[in-house]
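**Q** Just the structure for this:
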Amino acid sequence: MVVWFTISQTGIVSEGGSGEPSLTELQEAVGGYIEVIPLPSHNQIWVNEDGRLQRLPVNDAATALLWDAGVMFGQTLVGDVVMVYTGNDVDYQDCYDHIMQYDTSISFEDYTKVKEEE
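**A** The predicted structure is shown next:
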């Protein structure tokens, strides 16, 4: 199973979908040519290949996710990115809960309240 989400450069997490994202979906989500950053968990982060050349803003939420994965510590991600979860044991709710930790558009307290109400 594959589940994917977009993390905007302003830190807002949006549901992308389930199933392997197409080239067009990835390019639209990041706003240009794509480049993959493989993670040790076999998940992937897709970024705009030319994001630094275009001087896109740093994506703090995606950078935090990258560093928490133990990859490229000290490097920053720029622009909108796509986080793809892959594997036989991928559970949508687990992926959603994981990625929402990095959504900076809501406070952790507000997110916790929403989770308690579910």
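
**Q** Isn't Ile34 up against Asp50?
**A** No - with the criterion set as Cβ atoms under 8 Å, Ile34 and Asp50 do not qualify as a contacting pair; they are 10.0 Å apart. C-betas here are computed from N, CA, C, even on glycine.

**Q** between those two, which one's more packed in?
**A** Neighbour tally, Ile34 and Asp50, criterion other Cβ atoms under 10 Å: the higher count belongs to Ile34, 19 against 16.

**Q** residue ranges of the helices in this protein, please?
**A** With DSSP state H as the criterion, the chain has helices at 23-30, 60-68, 92-100, 108-117.

**Q** Now do the buried residues in the shortest one.
**A** Think helix 23-30. Residues of helix 23-30 classed as buried under the neighbour-count rule (16 or more other Cβ atoms under 10 Å) are Glu25, Leu26, Gln27, Ala29, Val30.

**Q** Just the pLDDT at the most centrally placed residue in the chain, thanks.
**A** When the chain is reduced to its mean C-alpha position, the nearest residue by Cα atoms, centre = their mean turns out to be Met83, at 3.3 Å. Reported pLDDT at Met83 in the predicted model: 93.

**Q** returning to what we had before: identify, from the buried residues of helix 23-30, the entry nearest to Ile99.
**A** Distances from Ile99 to the buried residues of helix 23-30, taken as Cβ to Cβ, are shortest for Ala29 (13.8 Å).

**Q** And for Asp80, the neighbour number?
**A** Taking other Cβ under 10 Å as the neighbour definition, Asp80 ends up with a count of 25.

**Q** Show me where the chain dips below the pLDDT cut-off.
**A** Scanning the chain with the threshold set as pLDDT under 70 gives 104-118.

**Q** circling back: out of the helices of the chain, which gets nearest to Gln54?
**A** The stretch from the helices of the chain with the least distance to Gln54 (Cβ to Cβ) is helix 23-30; that distance is 10.9 Å.

**Q** what residues are up against Leu56?
**A** Applying Cβ atoms under 8 Å, 6 or more residues apart in numbering, we find Leu56 in contact with Gln9, Gly31, Asn48, Val78, Gly79.
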